[in-house]
Structures are given as structure tokens and as C-alpha cells.
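[1] Sequence and computational prediction follow.
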Amino acid sequence: MAEPSKKIGIWTSTSLVVGSMIGAGVFLVPSAMASYGSVSLLGWVFSAIGAFFLARVFSRLSALVPKSTGGPYAYTHHGFGDFAGFIVAWGYYISVITANAAITISFVSAMSTFFPALATNAAAAILTGLSAIWFLAWINTRGVPASGRVQLVTTILKLLPLLVISIGGLFFIRAENFHPFNSSGGSVYDAINATATITMFSFVGIECATIPADSVENPGKIIGRATMLGLLICTIVYILGSVSIMGIIPAAQLKYSVTPYADAAAIMFGNNARYWASAGMAIAAFGALNGWTLIQGKLPYAIAKDKLFPPVFGRQNKKGAPYVGIIVSSTFVSVFMMMNYTKGLVEQFRFLLLLSTLTTLVPYLFCAAAFVIIRLKIKQSKGLPAAIIVGALAFAYSIWAVAGSGQNTVYWGFLLLMAGIPFYVWATYKKNSELKDVSEV
């Protein structure tokens, strides 16, 4: 366990939330929503409201169950026991390493603006991706404080271009670009539902401050504050950024743009601004990869400490870093990343991304329910009705998010979760055998 003097505080914890939520994918959302019209802004509002209730759940859980390393896994385990905790952890772990491979690919893509060979030379792209993965793996083996410093710096650097475009762009908007209000061809309700489904993934990562709880100063207070502050910062950036870009670039042009933030920057400051917008995208991906690398080490560590994962994942180095989990996870990330650049394996990699979508959302479902269960166990009536309402609304939003991910995603994601059962049976057998040996002694 990390020494108290080496634990992270409010700003580093907040940067972990913001840095993990704002990845390279967020830079493409305005283009994805352009065909719906300005009604898509309401999709952001709907997602932000749902994310608020989830943030409240994680904030309250961090106070009710402080020092519970593992975030969604720890809370689900506390509320529902070994099996539910393992299933959530299994799916979440696979989704994290798959997402890290996708983030690495986004980083390489952003860097191709400065090094065009990365867009055409698979070997160069793979080498760049592997360098990013293993450099950040090394940083994270230096301990949470070292990773936290990188996260804080990259979060500040990624926010700067986003804020410049989000706030500065308000002075360049043209009112006619917001018309028509709804160009989706369907009802306003359907348009909001569709755009909210697109935007909800931009709030994934809201739980990240809860996962390294054993490395946070006064986790009962700091984690909750960092989670709510991180949500506020991201919501402001997301909504203002969409307003500015939709107001600057006509919808007919925006929906075909593959670099909407860079295009907006070029209109605002000239063509050379594309480079620093692309730099912002690269830093966003790099920072997100750093944050999720920390998570991919801490999560298997927490499961191993509860004897539901191979004990080797519970090992720490002298810096308090779960180095085995970081190394094994980074190896998987490397393999998945290389699949994208290997002819014949690209579709398999995309299929892995599809599978990981559901396993990212299911933990929210369990945590919302676990919050109500844990709160009821306290047997304290003060604030109980409000807690039940918050938990119910977070649960309802999570159900909607799972349904909105699509039938294929739910089907294959469910099979992926079920694939973890043999591992759970093995872990339970080993755990019970150890307990039996101890009792016999």
C-alpha cells in the first residue's frame, strides 16, 4: 500500500476523472451529431443529467465505503457479494484493456498530422503505439503519484485547446447554422434519444477516481468532490464545444468532417491552427491512456486481494504499484492494438470493441443498485428517501444506456460476461480450498 505522504489529492483525483473521460473520441462527436440538427444539444443535456445521478451515486458510495479499492467492482462486491462483483470486474477489466487499445490507435492517428508516415506505414504506427503503451506502463509502475503528475499535466494541456474553441468559438458562431432545429426526419423525442445515445459514452470514466481509493488522501471526501468537479468541467467543455462548432461550421459541412475541432480552429485562427488542435487531440488520447493504464493495474489488484483473481496480480513493488497487473494488461493492450494494423484481424478488433461496450455500462447498473442496498444496511432514516430516489434515477439511466447500446452489443456483451463464469468457479474453488486448509490447521 502506498504511504500516506505519497497519496494523491483533490486536483490529481479530478484530473483522473477529466483525463479519463475526455479522450480522442470526444473530438469527433460534433460530426456524429450534425445530421440531427441543433436538437442534438439537448442530447448532451439529457446525458449530463443522467451522468449527474451516476456521479452522485459514486460520490456517496466513496463516503459510505471509503478505502474500497476497485471502484465499481468494490461497490458491487460490497452490495451483492462475490459472484456479482467478479462478473462486473471481469467485464470491466476486458473493456478497459480493449478501450486502451482503441485510445492508442487514436493517439497514433492524431500524431499522423505531424508525421504523415504513421497514416500509411503500419510498422511505424505499431512502433509508435507500443512506445506510448509501454512508456506509460513504466510511468505507472513508478507509483500513483508519478502517474498522477502526468495525468494532471496532460489534463491541463488537453483542456486548453478545448476551452479556447469552446469559449472563443462563441464569438464566431452564426445563428443560421443552428437551423433547422430538427433535421433528423423523425420526432424531437427520437432525435434526443439518438443523440443522447451518442453522447453518453463521453461520460464513461466518471467512476475513475473511485478505483485507486487506497492511494487517495481522505478518500471519503476527496473522491466525491473530485467526481462531481470532474463531471462539471467535462459537461461545460462538451456542451460549449458543441455549441461553438455547430455555430461555426454549417451542418451540411460538419457531418462530413473527420476533424471538427481542427476545422473550427482553422476558421477562427487560420489553417495553421489545425496543428495545435491535432496536438490537443493527441494529448487527450495520451492523457486518457495514462489514466486508464492506472486503472488496468489497480482493478485486477483489488480483485486479487479478495482472492477472486490469480494472487500474482496482488503483488506491489516498493513504490506501491501493482506492477504485475500493469505489465500483463499492457501486454494485452499491445496485442489488441496490433490487431488493428494487421490485415485480416481488423474486423476482429472492431468486434472486441463492440463486446466491450456493454461491459462498460453494466457496472453502472450494479453500482446504482448497490448504493441503495448499502444505504439501507446503514439503517439511518435521515436522507434515505433522497438516496433511494438518486439510486433509482441512476439505475433507470443505466438501463436506458444499456438498451441504447443496441441489440447486438447486448447479446454479445452478455456472452462475454458469461464467459467469465468458469474463471469465477475456479477462483471460488481455490478460495474455499485455502479457507479449508487454514481451518484444519
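    Yes, it's here.
[2] Quick check: Ala102 touching Leu352?
    No - the pair Ala102 / Leu352 is not scored as a contact, 9.0 Å apart, by Cβ atoms under 8 Å. Every residue, glycine included, has its C-beta placed from N, CA and C.
[3] Contacts only, for the residue with the shortest distance to the centre of the chain.
    Central residue of the chain (Cα atoms, centre = their mean): Gly205, 2.9 Å from the mean position. When contacts are counted by Cβ atoms under 8 Å, 6 or more residues apart in numbering, Gly205 is found next to Val17, Ser20, Met21, Gly23, Ala288, Gly291, Trp292.
[4] Which element, helix or strand, includes it?
    Following DSSP states H and E, there is no helix or strand that holds Gly205.
[5] give me phi/psi at it?
    phi 110, psi 0 (degrees, to the nearest 10).
[6] What is the burial count for Tyr323?
    Neighbour count of Tyr323, defined by other Cβ atoms under 10 Å: 21.
[7] Do you know the pLDDT at it?
    Tyr323 is assigned a predicted lDDT (pLDDT) of 94.
[8] same check, this time on the one 3 residues further on
    In the prediction, the pLDDT value recorded for Ile326 is 95.
[9] who are the neighbours in contact with Arg56?
    Applying Cβ under 8 Å, 6+ apart, the residues contacting Arg56 are Met228, Val390, Ala394.
[10] and which of those is nearest Ser40?
    Ser40 lies nearest to Ala394 out of the contacts of Arg56, by Cβ to Cβ, at 23.5 Å.
[11] could you say which helix or strand contains that closest one?
    helix 384-404.
[12] What is the burial count for the nearest residue to Pro311 once chain neighbours are set aside?
    Nearest residue to Pro311 in three dimensions, chain neighbours excluded: Ala304, at 5.7 Å (Cβ to Cβ, 6 or more residues apart in numbering). If you count neighbours by other Cβ under 10 Å, Ala304 ends up with 20.
[13] Next, give phi and psi for Ala304.
    phi -60, psi -40.
[14] do the same with Pro212
    According to degrees, to the nearest 10, Pro212 has phi -90, psi 50.
[15] Once you drop chain neighbours, what's closest to it?
    Lys298 is the one closest to Pro212 (Cβ to Cβ, 6+ apart), at 4.9 Å.
[16] who's in contact with the one you found?
    Thr69, Gly70, Ile211, Pro212, Pro322, Gly325.
[17] Can you tell me how far the last one is from Gly220?
    Looking back up the chat, that one is Gly325. 25 Å (Cβ to Cβ, to the nearest Å).
[18] higher neighbour count, the two?
    A direct count of neighbours by other Cβ under 10 Å for Gly325 and Gly220 places Gly325 higher, at 27 against 14.
[19] Ala302 is in contact with that one, correct?
    No - using Cβ under 8 Å, Gly325 makes no contact with Ala302, being 9.4 Å away.
[20] which stretches of the stretch 101-250 of the chain have low pLDDT?
    Judged against pLDDT under 70, the stretch 101-250 of the chain has no low-scoring part.
[21] And for the helix or strand harbouring Ala125, what's in contact with it?
    Assigned by DSSP H and E, Ala125 falls within helix 122-141. Under the contact criterion Cβ under 8 Å, 6+ apart, helix 122-141 has outside partners 100, 104-105, 107-108, 111-112, 115, 117-119, 146-147, 150, 286, 289-290, 293-294, 297, 317, 319, 321, 323, 326-327, 330, 333-334, 337-338, 341-342.
[22] Following the chain onward from it, which element is next?
    helix 144-168.
[23] Name the residues of the helix or strand just after that following helix that are buried.
    With elements assigned by DSSP H and E, the helix or strand that comes after helix 144-168 is helix 188-199. Neighbour counts over helix 188-199 (16 or more other Cβ atoms under 10 Å) mark Ala191, Ile192, Ala194, Thr195, Ala196, Thr197, Ile198, Thr199 as buried.
[24] any idea of the angle helix 188-199 forms with helix 384-404?
    90 degrees (axes from the mean of the first three to the mean of the last three Cα atoms, to 10 degrees).
[25] so what does helix 188-199 touch, helix or strand wise?
    Applying 3 or more Cβ pairs under 8 Å, 6 or more residues apart in numbering; DSSP states H and E, one finds that helix 188-199 contacts helix 29-33, helix 40-64, helix 384-404.
[26] Redo those helices as JSON lines? Include mean pLDDT and distance to Asp82.
    Converted to JSON lines, the helices and strands packed on helix 188-199 look like this (pLDDT from 0 to 100; distance: least, Cβ to Cβ, whole Å):
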{"stretch": "helix 29-33", "mean pLDDT": "87", "distance to Asp82": "38"}
{"stretch": "helix 40-64", "mean pLDDT": "94", "distance to Asp82": "18"}
{"stretch": "helix 384-404", "mean pLDDT": "92", "distance to Asp82": "22"}
